[in-house]
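[1] Build the 3D model from these lines:
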Amino acid sequence: MLRRRLTIRFALQISFAGILLIVLAVLILDWMFKELNYIDMKRNFSPYGISKLIDEAEIDEHGKIINSELLKLLKEDGGWLQSLDEQGNVLQSFYTPDDIPQHYNPGQLIDFWEGTKPFPYMIGLWIHIKGDRQFIILYGKSAEHPLSLRPYIEASTINNGTIHLSDSAEAELEEMQGWIQIIDSTGSEIAAWNKPAQAPNVYSLSELALRTVYYDQYSMMFYSDYDEATGLTWILQFPATERLHQASIFPNVRTELQVIILSLAMFFAGSLIVFILLAVGYANQFVRPVFDIVDSIEQVAAGKLELNTRPIKKRKKHLFKEVMDSIHSLASVLEASKQAEIETQTYREEWIAGVMHDMKTPLSSIQGYAHMLATTKYSWSEEEVRSFASTILEKSQYMDQLMEDLALTYRLRSGELPVQLEPHSIGSLLREAAAKAAAHPLYANRSISYEFPPNDVIGKVHPPWFERIIDNLIANSLLHNPPDTAIHIILESLPDDGWQLTLSDNGKGMDEQTVKELFERYYRGTNTEQSAVGSGLGMAVTRELVQAMGGRIEITSELNKGTTFRLIWHEALQSNLTSHN
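    Residues are numbered from 1 along each chain as shown. I've put the predicted structure just below:
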């Protein structure tokens, strides 16, 4: 499960990162192609750029143009645009000067377009069909160059490599931070005005063409004018104030190359961000849980079993949920084992203390009577000697039974004692065991009644053990209750091939703590100073014997209302017990 989850998680994250990179690459390529197309149209806006944009322009059913890119380039180019219907009426205008008509007669527009009649602007004409209607798109631009060197040429003189301009011309050039150079037919400079130190002194034909078209590469606007009268070429340059926005990034690199470099830089930057996010995700999903696991293991190794990691309910989607749950389970098991060890140690100490107390008391009596018999100061009568001997015998028998019960209890718990179960009549065994227990002098005049089913109950038991169980239960009920306590024993068959033995008394009952401790540790309701039968281990031995024969024992008791023991046997449980042995 964990391997599959790790594989799926890795595959999903790598796939997601790959998809992000593909989307990023597509977006950057789209932006790059648009920028390159924009640069190309800007350089050749008239007539190529405007023609392409008008061909691709979106025009609604009313002849209105919807194209922000077209209008942006139109404004930068200094041109104007009109949309006309078939009757020559102007439907829409952009950046039109005041001297542009708002209505054209058919022949008049054709004369303006063909140049047969004077018109102050160069115009281009395109026809668009929208549904069943035709619209005419008219583009115009001033026939003159937006910036002419002719006024500077006419208002200047050349003297010893220096150009002298009028005050007004110098003021205009200084305002635009421009300078003028004059080159001869070889491209060499023969005169200049206000030329910066980094400007070249010689121009080749290709460099003149490049500077004219790719002004953004040089960060300088470039204009030239050839004077046929003198055979000289005048050059005007000034800083480009209206360049493409990316030209300033790499001043000496062509704009197209700048766009490509910028696109690659954006892709690598985006890829870096994607991989950083991926690394952060890996660290959060893989590294942090590993640290939690290591920290939890170290806490468990140090004996700190109350782990400080995040609660399991907050880790429903935790990648290493099974591992963390296993560590928490291990910590819980170790904590339970630690508590069980403490309880076992306490139980063992209390058990040993109880056994030592019960052994020390009769042993003290035996030693005392032995000293009395051994002394030479007194001459004991035969009756006194017999009394001493009787007490010594009673105490020694008690110690012997205590030793046997201890050995039997540990042998039963360790599984060393073989269990020989054979079918017997439970009713017959019950009568015999109860009769022997009731014949004890301490139980004289006690009431013991029976209730048996109509059919004999046959069960697999070991008769000596069964007799010991009945004797211990009757002894527990009669010795620790008032003399008028009555015991009622019920034997009944169970529907699932089993049988149940219920022993109830109407004595003083037991509190909850006594019921809890009755089978769990060395416990007696009396002590050896009293005349009592048994070693004090009777109920512990009883439980072990019942379990050794494949049964279970239950107890319910309430103060001043009596106690009930239920011994339950099932054929299936006994079969499993026999097969294991």
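
[2] ok, and A192, which helix or strand is that part of?
    Using DSSP states H and E, A192 maps to strand 189-193.

[3] Would you mark the buried spots in that strand?
    By neighbour count with 16 or more other Cβ atoms under 10 Å, strand 189-193 contains the buried residues E189, A191, A192, W193. Placement of C-beta: from N, CA and C, glycine included.

[4] Number of residues surrounding the residue nearest to the first one when sequence neighbours are not counted?
    Computed as Cβ to Cβ, 6 or more residues apart in numbering, the closest residue to E189 that is not its neighbour in sequence is N201, at 4.6 Å. Residues within reach of N201, counting by other Cβ atoms under 10 Å, total 12.

[5] chain center to the strand holding A192, what's the gap?
    The chain centroid and the centroid of strand 189-193 are separated by 74 Å, computed with Cα atoms, centre = their mean, to the nearest Å.

[6] As PDB, could you dump the C-alpha coordinates of it?
    Taking Å, rounded to 0.1, in the frame of the first residue of the first chain, the C-alpha atoms of strand 189-193 are listed here in PDB:
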ATOM      1  CA  GLU A 189      33.000  61.600 -41.900                       C
ATOM      2  CA  ILE A 190      34.000  65.100 -43.200                       C
ATOM      3  CA  ALA A 191      32.100  67.200 -40.700                       C
ATOM      4  CA  ALA A 192      30.000  66.900 -37.500                       C
ATOM      5  CA  TRP A 193      28.000  68.900 -35.000                       C
END
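
[7] still on that earlier bit, tell me which two of the buried residues of strand 189-193 sit farthest apart.
    Farthest pair in the buried residues of strand 189-193 (Cβ to Cβ) is E189 and W193. Separation: 11.3 Å.

[8] picking that back up, need the residues that contact whichever helix or strand comes after the strand holding A192.
    Remark: after strand 189-193, the chain's next helix or strand is helix 205-213, criterion DSSP H and E. Helix 205-213 is contacted by residues R43, G187, P200, Y203, Q217, Y218, M220, F222, Y223, S224, Q237 when judged by Cβ atoms under 8 Å, 6 or more residues apart in numbering.

[9] Packing partners of the helix or strand containing S296?
    Counting by DSSP H and E, the element that carries S296 is helix 288-301. With contacts defined as 3 or more Cβ pairs under 8 Å, 6 or more residues apart in numbering; DSSP states H and E, the packing partners of helix 288-301 are helix 321-374.

[10] could you measure the residue nearest to E189 against P423, distance?
    Between N201 and P423 the computed distance is 128 Å (Cβ to Cβ, to the nearest Å).

[11] and the helix holding S296, average pLDDT?
    Helix 288-301 shows a mean pLDDT of 76 in the predicted model.

[12] what angle do it and helix 321-374 make?
    Here helix 288-301 points in a direction 0 degrees away from that of helix 321-374 (axes from the mean of the first three to the mean of the last three Cα atoms, to 10 degrees).

[13] Just give me how far helix 288-301 sits from the chain centre.
    16 Å.

[14] so how far is A197 from G161?
    Applying Cβ to Cβ to G161 and A197 gives a distance of 16 Å.

[15] Comparing these two, which residue is more hemmed in?
    G161 (10 against 4).

[16] okay but the more buried one is in contact with A191, surely?
    Yes. At 5.0 Å, G161 counts as touching A191 under the criterion of Cβ atoms under 8 Å.

[17] thinking again about what came up before, what do E189 and W193 both touch?
    Q181.

[18] So for stretch 355-375, what gets flagged as buried?
    V355, D358, M359, P362, S365, I366, Y369.

[19] Excluding covalently adjacent residues, which one is nearest to the last one?
    Spatial nearest neighbour of Y369, excluding adjacent residues (Cβ to Cβ, 6+ apart): F388 at 4.4 Å.

[20] average pLDDT across whichever strand or helix holds the one you found?
    For F388, the host element (DSSP H and E) is helix 382-414. Summarised as a single mean, pLDDT over helix 382-414 is 81.

[21] list the helices and strands it packs on?
    helix 321-374, helix 538-548.

[22] And the next helix or strand after the last one, what's buried?
    Tracing the chain past helix 538-548, the next element assigned as helix or strand by DSSP H and E is strand 551-558. Taking 16+ other Cβ under 10 Å as the basis for neighbour counts, the residues of strand 551-558 that come out buried are G551, I553, I555, S557.

[23] Quick check: can you name the pairing partners of strand 551-558 and their directions?
    When pairing is defined by DSSP bridges, strand 551-558 lines up against strand 562-570 (antiparallel).

[24] ok, and what's touching the strand it pairs with?
    459, 461, 469, 473, 477, 494, 496-510, 546, 549-557.

[25] Stretch 221-241 now?
    145, 147-150, 152-153, 173, 176-185, 190, 199, 203, 208, 211-212, 215-216, 219-220, 247.

[26] Just the buried subset of those residues, please.
    149, 152-153, 173, 178-183, 203, 208, 211, 215-216, 220, 247.

[27] Let's see which of those end up in strands.
    Those of those mapping onto strands are W179, I180, Q181, I182, I183, M220, per DSSP state E.

[28] so what does the helix or strand harbouring F10 touch, helix or strand wise?
    Following DSSP H and E, the helix or strand that holds F10 is helix 2-43. Applying 3+ Cβ pairs under 8 Å, 6+ apart, one finds that helix 2-43 contacts helix 68-77, helix 255-282.

[29] Specify the stretch among those helices that is closest to F519.
    helix 255-282 (55.8 Å).

[30] State the mean pLDDT of the closest one.
    On average, helix 255-282 scores 84.

[31] again, but for stretch 464-475
    87.

[32] quick one: buried residues of it?
    For stretch 464-475, by 16+ other Cβ under 10 Å, it's W465, F466, E467, R468, I469, I470, D471, N472, L473, I474, A475.

[33] Tell me which helix or strand comes right after the helix or strand hosting the fifth one.
    Remark: I469 resides in helix 463-479, with elements defined by DSSP H and E. Downstream of helix 463-479, the first helix or strand assigned by DSSP H and E is strand 486-494.

[34] List the buried residues of that next one.
    Applying 16+ other Cβ under 10 Å to strand 486-494 flags A486, I487, H488, I489, I490, L491, S493 as buried.
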